[in-house]
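Chemist: Model the structure of this input:
(4 chains)
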Protein chains: 2
Amino acid sequence: MSKTLIAASARPMVLSLLLNEESYGYRILQDVMSLSGGTIDWSEALLYPVLHRMENEGVIRSRWRISEEKRMRKYYALTDFGRRELEVEKERWLSIHGAFLRLWAPAEGSE
Amino acid sequence: MSKTLIAASARPMVLSLLLNEESYGYRILQDVMSLSGGTIDWSEALLYPVLHRMENEGVIRSRWRISEEKRMRKYYALTDFGRRELEVEKERWLSIHGAFLRLWAPAEGSE
DNA sequence: TCGCATACCTAATTTTATGATGTATATAAG
DNA sequence: CTTATATACATCATAAAATTAGGTATGCGA
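Modeler: Residues are numbered from 1 along each chain as shown, chains lettered A, B, ... in the order given. Below you'll find the model as predicted:
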């Protein structure tokens, strides 16, 4: 329960993962898992709709390609708009993070 | 659009705000606003249902009290369970944050 | 008395999340 | 050759949550 936060981080996480190279659903799932040491466990039912929404929104773009393993994969890449949106998400994240840090600071008198 | 993240941070944010002292809806709204320098702009329609859900869940507890200004306010306080849940949320947040930091690291090769 | 800030709230619609499935191929094990 | 597993995509139905819009009431200053 209460995985809302994990779900909400999906958009910025996908944008971040695609920053340097294109990727595909199944791999994104594994990357996120390993990046978080298992804490973030996305399901396919979470990710695929998110990818579709994001493509619809225009922040990512997909194309089917056959991998060296001869498997069909839907590769996603950032669009320019997506690159800008990543910056927005990043600032949003850091601003919320800053608020948390202030609240979690050991000092008692503040708050 | 895409305020999902802000909404999702509501639960941990409320728990964090109540860590040291009790508070009430209207004030929580202002605190969050000022803590984030305006980035996080919650609406009342976001917050009140969240508070009710959280009370229902047992992480916070409420009581009506008349303030010095002679106004009725519904004060919320953390329960023991809420205190534990805050720790869980904290770890969750930091683990996701860690993943982002790795992804946003200036190094190109690491991805 | 008018407006604004304070202080709470819900109802209706839209959007998301979740758990359960469904499809198909490559590859390794038996 | 058959079975199991990993890879790879997806949707459907239900449950939960978010968003827009509205509603009530008081204290206080102009």
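Chemist: Tell me the bridge partners for the nearest residue to residue A:55 once chain neighbours are set aside.
Modeler: Among residues not flanking residue A:55 along the chain, residue A:62 sits closest, at 5.7 Å (C-beta to C-beta, 6 or more residues apart in numbering or on different chains). To be clear about C-beta, it is placed using only N, CA and C from the backbone, and glycine gets the same treatment. For residue A:62, the beta-bridge partners are residue A:76 (DSSP bridges).
Chemist: ok, residue A:62 - contacts?
Modeler: Contact partners of residue A:62, counting by C-beta atoms under 8 Å, 6 or more residues apart in numbering or on different chains, are A:51, A:55, A:74-77.
Chemist: does residue A:42 sit in a helix, a strand or a coil?
Modeler: In terms of secondary structure, residue A:42 is coil; the call rests on DSSP: H, G, I helix; E, B strand; the rest coil.
Chemist: neighbours around it, how many?
Modeler: Using other C-beta atoms under 10 Å in any protein chain shown, the number of residues around residue A:42 comes to 22.
Chemist: now residue A:43
Modeler: In terms of burial, residue A:43 registers 10 neighbours under the definition other C-beta under 10 Å.
Chemist: need the residues of chain A near DNA strand C, please.
Modeler: Within chain A, the positions lying close to DNA strand C (C-beta under 7 Å from any atom of the strand) are A:3-4, A:6-8, A:10, A:43-46, A:49-50, A:53, A:69-71.
Chemist: Now, of these, which are buried?
Modeler: When the residues of chain A next to DNA strand C are checked for burial by 16 or more other C-beta atoms under 10 Å in any protein chain shown, the buried set is A:4, A:6-8, A:10, A:50.
Chemist: Which positions in chain A make contact with chain B?
Modeler: Applying the criterion C-beta under 8 Å from any C-beta of the partner chain, the portion of chain A that neighbours chain B consists of A:2, A:4-9, A:11-13, A:16-17, A:19-21, A:32, A:35-37, A:39-40, A:89-93, A:95-100, A:102-104, A:108, A:111.
Chemist: did I read that right, residue A:45 in a helix?
Modeler: Yes: the assignment for residue A:45, made by three-state DSSP, places it in a helix.
Chemist: distance of it from residue B:75?
Modeler: Note on residue A:45: its distance to residue B:75, by C-beta to C-beta, to the nearest Å, is 40 Å.
Chemist: Repeat that for residue A:100.
Modeler: Look at residue A:100 and residue B:75: by C-beta to C-beta, they are 23 Å apart.
Chemist: for residue A:15, same thing?
Modeler: 40 Å.
Chemist: Comparing the two, which residue is more hemmed in?
Modeler: Neighbours of residue A:15 and residue B:75, each counted by other C-beta under 10 Å, are more numerous for residue A:15; the result is 22 against 18.
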